[in-house]
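**Q** my questions concern the predicted model and sequence given below.
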Amino acid sequence: MSKKDGSDVVDFIERVNSLKPPRPLTDGLELDQPDSVRVKTAIQEVDRQGYSILRDFLSEQELSDVRDRMAPIFELTGNRNAKDSRGSHRKGYYGVQTVHVHNLFAKTRAVDDVATNPLLLLIIEGVLGPLFQLSVATAMCPDPGVDPQGFHQDDGHYPLPRPRPPFIANTLIAIDDFTESNGATRLVPGSHRWTHPVNQDEEFVIAEMPAGSLLVFDGALWHAGGGNSSDDKRRRSINFNFNLSWLRQQENQYVGIPRHVWLSLPEKLQRLLGFQKVNFLYGSVDYTDPLVYFKEHSDS
Ligand SMILES: O=C(O)CCC(=O)C(=O)O
C-alpha cells in the first residue's frame, strides 16, 4: 500500500537513482612487490597456457590448520565404483572414482580465510575481471586405488561458442603434495583456446606441486583428476571454482548454506558467495543489494 504523503514513492525513486556498481572484492587489497609479481605471472600464465601453479600459497601454519580442521570433511570423501552407473560416460569416468564433498561453507569454517586470501582474489580478478563469485566449493581426495578421470572442461555447461573469454576460473589447493602417483591433476596446455574436444589420449602435463600450493586454471582448459596408484598416499585438496557474477553458480549456495550460517560470515565472504548485486540489478531485491535488503527486512 502506498503511503498518503507519497514518501514511499520518493524512497523508491531514490533507491532506483542510487544504483551503483558494487565495490570490487579486491578493493583495498595491497600486496608487497614479490607477491604482486607472483600474481601478475599467474594471470599471464593462465592466459597463455591455461593454468598456473603458485607455490607457498598457504603458509605452514595455515596448511596445518586447514589439515586439522578439514579432517572430518576428508572422512567423508572416499572411493566409489563408477563402472555400473557411468561406465559408458562419454568423458570416460570409468572404474573407481572419488566422492567429492560439496557445499563446504555449510559444513565447515576451516576455509573461510582461504577463500578470501588476497592473492587468490587478485588472481581470480585478473583471470575473470572484477565481477566474479564463488561457484562451488568442494573437498576432493582421490585415495589409493582411484582411476583417472576422463579429460573434461568445467565451463562446458554454458552453451556458448568457443573460443571464449574465461567464464570460470578453477582452483585446487594442495593439502598434500600432488605427485604423479597420488593423482595430481592432468592438464592439456593451451587447450582453453581450442574449439574441438581433446582426444582422451592427448598429451598432458601433470600438476605436481608441494602441499600448500595453488593450482589455478581457466575453466575451458581440458583437464582430469589423475589416478592414485600409490599404496598409501592421499591427495587431499580444496577445490574452489569461481565464475562470472552474471552467470548461474554451479552450487545453489543460497539454499545450501543455512541462513544463520551465511549471516555469521564476514561480508567479503558473503559477497563472494553471491550475496551481492552486480551489473546494476543482477542478484538484487527490489533494486537493492541483497545484504542491505536483508538488514532492512530482517526485523519485520
Ligand atoms: O581432482 C582433480 O584433480 C580434478 C577434479 C575435476 O576436474 C573434477 O572433478 O571435475
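**A** Okay, I see it.

**Q** all helices for the stretch 1-150 of the chain, in order.
**A** For the stretch 1-150 of the chain, applying DSSP state H, counting those that start in this stretch gives helices covering 7-17, 33-49, 60-74, 83-86, 104-107, 112-115, 118-128.

**Q** got a list of contacts for the second one?
**A** The set of residues external to helix 33-49 that reach it, using C-beta atoms under 8 Å, 6 or more residues apart in numbering, is 31, 51-52, 54, 119, 122-123, 126-127, 166, 169, 189-190, 216-218. To be clear about C-beta, it is placed using only N, CA and C from the backbone, and glycine gets the same treatment.

**Q** that one versus helix 118-128: what angle between them?
**A** 30 degrees (axes from the mean of the first three to the mean of the last three C-alpha atoms, to 10 degrees).

**Q** please begin residue numbering at 562 from this point
**A** Sure, I'll start numbering at 562, so the last one becomes helix 594-610.

**Q** what is the neighbour count of the closest residue to the ligand within the stretch 562-711 of the chain?
**A** In the stretch 562-711 of the chain, the residue that lies nearest the ligand is Met701 (4.5 Å; C-beta to the nearest ligand atom). Neighbourhood size, Met701 [other C-beta atoms under 10 Å]: 20.

**Q** who touches it in this structure?
**A** Counted by C-beta under 8 Å, 6+ apart, Met701 has contacts 638, 659, 661, 733, 786, 796-800.

**Q** and what of Pro827?
**A** 673, 677.

**Q** residues from the stretch 612-761 of the chain in reach of the ligand?
**A** For the stretch 612-761 of the chain, the residues in contact with the ligand (C-beta under 6 Å from any ligand atom) are 701, 710, 733, 746.

**Q** looking at these, which is nearest Leu695?
**A** Closest to Leu695 out of those is Leu733 (14.2 Å), distances taken as C-beta to C-beta.

**Q** what helix or strand is the closest one located in?
**A** Here Leu733 sits within strand 729-735, counting by DSSP states H and E.

**Q** got the CA coordinates for that strand in PDB?
**A** Presented in PDB, the C-alpha positions along strand 729-735 are these (Å, rounded to 0.1, in the frame of the first residue of the first chain):
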ATOM      1  CA  ILE A 729      35.200 -20.000 -14.900                       C
ATOM      2  CA  ALA A 730      38.500 -20.000 -13.000                       C
ATOM      3  CA  ASN A 731      39.200 -23.200 -11.300                       C
ATOM      4  CA  THR A 732      41.500 -23.700  -8.300                       C
ATOM      5  CA  LEU A 733      42.800 -26.600  -6.400                       C
ATOM      6  CA  ILE A 734      44.700 -26.000  -3.200                       C
ATOM      7  CA  ALA A 735      47.000 -28.900  -2.400                       C
END
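
**Q** tell me which residues of stretch 742-759 come out buried.
**A** Using 16 or more other C-beta atoms under 10 Å as the test for burial, stretch 742-759 gives 742-750, 752-753, 755, 759.

**Q** spatially central residue in this structure, please.
**A** Asn802 (1.8 Å; C-alpha atoms, centre = their mean).

**Q** in which helix or strand would I find it?
**A** Judged by DSSP H and E, Asn802 forms part of strand 798-805.

**Q** so what's the residue nearest to the centre of the chain up against?
**A** Asn802 neighbours (C-beta under 8 Å, 6+ apart): 695-699, 715, 729-732, 780, 811.

**Q** Val697 now?
**A** 663, 800-802, 810-812.

**Q** quick one: which of the residues you listed is nearest the ligand?
**A** Asn800 (6.7 Å).

**Q** okay, and the beta partners of that closest one?
**A** Counting by DSSP bridges, Asn800 forms beta bridges with Thr699, Leu733.
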